[in-house]
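Engineer: got a sequence here, can you model it:
(one chain, ligands or ions: 3)
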Amino acid sequence: MQLRSDTDNQRATLAELGGRVRAWRARRGMTRKQLAVDSGLSERFLHDVESGKGNVSINSLEAAARALNITILDLLQDAPRPALARVQGLVARLDDAQLDQAYALLGTSFGLADAQGREQRIALVGLRGAGKTTLGAQLAAHRGVPFIELDREIEREAGTSMNEILLLHGQAGFRRYERRALLRIAEEHAQGVVMTTGGSIVSERETFDLLQSHFYCVWVKASPEEHMSRVVAQGDMRPFNAGDGAELPRGAVNEALEDIRRILSSREALYARADAVVDTAARTVKQSLKDLERAVPAPQATTLETR
Ligand SMILES: Nc1ncnc2c1ncn2[C@@H]1O[C@H](COP(=O)(O)OP(=O)(O)OP(=O)(O)O)[C@@H](O)[C@H]1O
Ligand SMILES: O=C(O)C1=C[C@@H](O)[C@@H](O)[C@H](O)C1
Ligand SMILES: [Mg+2]
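Structural biologist: Ligands and ions are numbered 1, 2, ... in the order given. Predicted coordinates:
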């Protein structure tokens, strides 16, 4: 076996660090430009760091971590959670009936029990262009419940636009408003609601836990090419690194597709924690709506009567 030289090790360390910065940025749905502004680092420098070329100082790393609302440790190592693996190993040995029991036991013992009415509050998660708004509005109309877009409620909570919130309060502030709006919506809609969420909601564990304990979550997904063509059609490329959408030059299309793939892969395991999945790839809106209706718990009789 060939031993790695010190230089190889150093190179590998920088490449891993760069990969983590890139993955966290993708999970958060931040463009490099946004991270540069929020951290005070230059875009050029971030580009070098992300491609494993920049030997970053502790202070710069700290600035990047702060702008991502994580700690410097999250950039230095993939969060190892040995205790989680131990618990998973244990519950994997239970049969299905025991698993239900374990779920209830853990929930009540640690104050993690699902909030009342959760099954009637549907939340759609997924990347831009998945079809959350299109399908969510129609699902809500069919069930006779209100339709809410969480991003608009966050803006209401903060009294300003998404861009301004991020500009004024950064990731940390945005996530605070997001959690506040989430809890308010859950409280106000005991009888049921259909809500869409911003693509990056899954990137903060605390927020995603809160969402999952109050809402029945459905991951609405599509292929990277479909996400791409749908957001291009809407003329708004956020959070992909590709300018403003209209008349995309060829290079920009490729860069945006790469972004979508990277964002999807950095979030896939998180989106997959949803209660159900609806894949809209190569499906019509009508077909996907049927798939979605099959994927969610039946509406409560009281909700249907009020239609
Ligand atoms: N099977 C499908 N299901 C849902 N939408 C589809 C489907 N096929 C094509 N579309 C089109 O894809 C687009 C989805 O856009 P929509 O705004 O609903 O996505 P979104 O998930 O809400 O995105 P954003 O995160 O930007 O709010 C619509 O123009 C819709 O007509
Ligand atoms: O997927 C994402 O990261 C985002 C999706 C949008 O809904 C916005 O919330 C924002 O542009 C970020
Ligand atoms: Mg939408």
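Engineer: residue contacts, Leu99?
Structural biologist: Val91 (C-beta atoms under 8 Å, 6 or more residues apart in numbering). Glycine gets a C-beta too; all of them are placed from N, C-alpha and C.
Engineer: so it sits in a helix?
Structural biologist: Yes - counting by DSSP: H, G, I helix; E, B strand; the rest coil, Leu99 falls inside a helix.
Engineer: chain neighbours aside, what residue packs nearest to Leu106?
Structural biologist: Once flanking residues are discounted, Leu106 sits nearest to Leu112: 6.6 Å by C-beta to C-beta, 6 or more residues apart in numbering.
Engineer: can you pull the pLDDT of Ala79?
Structural biologist: Looking at Ala79, its pLDDT is 72.
Engineer: what about it, distance to ligand 1?
Structural biologist: Counting by C-beta to the nearest ligand atom, to the nearest Å, the gap between Ala79 and ligand 1 amounts to 27 Å.
Engineer: neighbours around that residue, how many?
Structural biologist: 9 (other C-beta atoms under 10 Å).
Engineer: now do the strands in the protein.
Structural biologist: If DSSP state E is used as the criterion, the strands of the chain fall at 121-125, 147-149, 193-196, 216-221, 276-279.
Engineer: who does the helix ranked longest in the chain touch, helix- and strand-wise?
Structural biologist: Identified as the longest helix of the chain according to DSSP state H is helix 162-188. Secondary structure elements in contact with helix 162-188, counted by 3 or more C-beta pairs under 8 Å, 6 or more residues apart in numbering; DSSP states H and E, are helix 32-39, helix 58-68, helix 150-158, helix 205-214.
Engineer: wait, which of those helices is closest to ligand 3?
Structural biologist: Smallest distance to ligand 3 across the helices and strands packed on helix 162-188 (C-beta to the ion): 7.7 Å, for helix 150-158.
Engineer: and the contacts of the closest one?
Structural biologist: For helix 150-158, with C-beta under 8 Å, 6+ apart as the criterion, the contacting residues are 123, 161-162, 164-165, 169, 174, 177-178, 180-182, 184-185, 195-198, 201.
Engineer: report the mean confidence score over that helix.
Structural biologist: 97.
Engineer: report the angle between that helix and helix 162-188.
Structural biologist: Here helix 150-158 runs at an angle of 100 degrees relative to helix 162-188 (axes from the mean of the first three to the mean of the last three C-alpha atoms, to 10 degrees).
Engineer: helix 150-158 versus strand 121-125: what angle between them?
Structural biologist: Using the same axes, to 10 degrees: helix 150-158 against strand 121-125 is 110 degrees.
Engineer: helix 150-158 and ligand 3 in contact?
Structural biologist: No - Helix 150-158 stays clear of ligand 3 (C-beta under 5 Å from the ion), getting no nearer than 7.7 Å.
Engineer: buried residues in that helix, which are they?
Structural biologist: The neighbour-count check on helix 150-158 (16 or more other C-beta atoms under 10 Å) flags Leu150, Asp151, Glu153, Ile154, Glu155, Glu157, Ala158 as buried.
Engineer: stretch 225-238 too?
Structural biologist: Glu226, His227, Met228, Arg230, Val231, Val232, Met237, Arg238.
Engineer: over to stretch 178-186?
Structural biologist: Here stretch 178-186 shows Glu178, Arg179, Ala181, Leu182, Ile185, Ala186 as buried, counting by 16+ other C-beta under 10 Å.
Engineer: next one: stretch 54-61
Structural biologist: Neighbour counts over stretch 54-61 (16+ other C-beta under 10 Å) mark Gly54, Val56, Ser60, Leu61 as buried.
Engineer: which ones among the buried residues of stretch 178-186 come in contact with ligand 3?
Structural biologist: Okay, of the buried residues of stretch 178-186, nothing touches ligand 3 (C-beta under 5 Å from the ion).
Engineer: ok, the residue nearest to Leu106 touching Leu105?
Structural biologist: No - Leu112 lies out of contact with Leu105 (C-beta atoms under 8 Å); the separation is 10.5 Å.
Engineer: got a pLDDT number for the residue of the stretch 51-200 of the chain with the smallest separation from ligand 3?
Structural biologist: Proximity of the stretch 51-200 of the chain to ligand 3 (C-beta to the ion) peaks at Thr133, 3.2 Å away. Thr133 carries a pLDDT value of 98.
Engineer: same check, this time on the one 5 residues further on
Structural biologist: With respect to pLDDT, Gln138 scores 98.
Engineer: for the residue nearest to Leu106, which residues are in contact?
Structural biologist: Here Leu112 is in contact with Leu106, Asp209, Ser213 (C-beta under 8 Å, 6+ apart).
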